[in-house]
Structures are given as C-alpha cells and as structure tokens.
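K.L.:
Attaching a predicted model along with its sequence, questions to come.
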Amino acid sequence: MGDMMLSPEQENDREVRRADQERIGKFGRLNARLHEVRSERGDLKAKMERIDDASTDLMMGSGDRVSIRLGAAFFETSEEEATEHCEELVEGAQTAVDALGDEEASILAEQAELKRLLYARFGASINLEEGGPPKAYTVNLLKGQDWQHGLGD
C-alpha cells in the first residue's frame with residue numbers, strides 16, 4: 001500500500017497553536033492511562049476468578065484445616081476463616097475494578113471532548129482513532145475510493 005494521502009479538500013493548513021499541542025498531548029496521556037486502566041482491570045478480574053476458584057475448592061473440602069498464603073508465608077487456618085479471607089479479597093478487588101471502570105468512563109468522556117475540539121479544528125488532518133484510519137477515511141473507502149492514490153481524487 002502507498003502512503004495515505006488527503007485530498008486537497010481534506011487538507012487543513014491551520015497552524016498548530018500551543019493550546020492545540022496541549023490538547024493533543026493530553027489526549028495522548030489519557031490514551032496511555034486508558035490502556036493501563038484496562039490492563040489493570042483485566043488483571044484484577046483474572047485474580048478475582050482465581051480467588052473464586054479457590055473459594056469453590058474450599059467449599060468442597062472436608063472441614064479440615066487448610067493453609068493459606070499471605071505474601072510469601074503460609075498459615076494454617078480453618079476452612080471457614082479461609083473462605084472469609086477469600087470473600088474479603090474478592091470484595092476488595094471488586095471495589096478496585098469498579099473504581100477503574102469509573103476512571104475508564106471518565107477518560108473516555110474527556111477524550112471524546114478533546115476529539116470533538118481537535119477534529120473541529122483540524123478535520124481529517126489529525127488521526128485520534130485507535131486501530132485504523134479516521135472515520136472520514138473509512139467512509140471514503142466504503143464509497144470505493146482508491147486508498148493508494150489518496151482519497152477524494
């Protein structure tokens with residue numbers, strides 16, 4: 001594939017002001033944080049599943065004493081206490097997952113506002129979309145435009 005080119009109608013010769021640079025930088029920082037938040041949420045959900053599996057194994061036990069790991073050490077305790085410990089861990093992880101979900105929603109809302117402002121100023125000259133061309137390119141491609149020779153030729 002050739003270089004992605006804008007048609008003369010899509011080009012934008014606007015000067016990038018300091019405020020624009022700050023918005024673009026902020027968008028980038030938010031995007032990096034969004035990836036971190038999503039990764040942390042995934043890790044916490046996986047941890048919750050492992051704890052839930054351990055809790056299920058405890059329920060199927062014979063009522064004997066069990067060993068639980070706290071940090072690098074193992075402690076012997078009753079199944080009931082171990083089950084309570086698992087429940088506390090799940091509650092804590094769920095609280096963290098919920099907080100990360102709220103943060104993700106906040107980031108997405110802030111990014112939407114930055115996109116609105118930056119696309120209004122720069123149009124198709126700026127790409128703030130992840131994983132593909134901006135919407136304007138996608139629409140033109142669907143209309144049968146030739147990607148290799150620029151859009152709107």
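P.N.:
Sure, I can see it.
K.L.:
Quick one: distance of the helix ranked longest in the chain to the chain centre.
P.N.:
The longest helix of the chain (DSSP state H) is helix 79-122. Distance of helix 79-122 from the chain centroid (C-alpha atoms, centre = their mean, to the nearest Å) equals 9 Å.
K.L.:
and Ala72, backbone torsions?
P.N.:
Here is the backbone geometry of Ala72 (degrees, to the nearest 10): phi -100, psi 0.
K.L.:
burial count for it?
P.N.:
5 (other C-beta atoms under 10 Å). For the C-beta atoms, the positions are set from N, CA and C on the backbone; glycine is no exception.
K.L.:
Return the distance of it relative to Val66.
P.N.:
Noted for Ala72: a distance of 18 Å to Val66, by C-beta to C-beta, to the nearest Å.
K.L.:
cool, Leu100 as well?
P.N.:
To Val66, Leu100 is 31 Å away according to C-beta to C-beta.
K.L.:
repeat for Arg17
P.N.:
For Arg17 relative to Val66 (C-beta to C-beta), the value is 64 Å.
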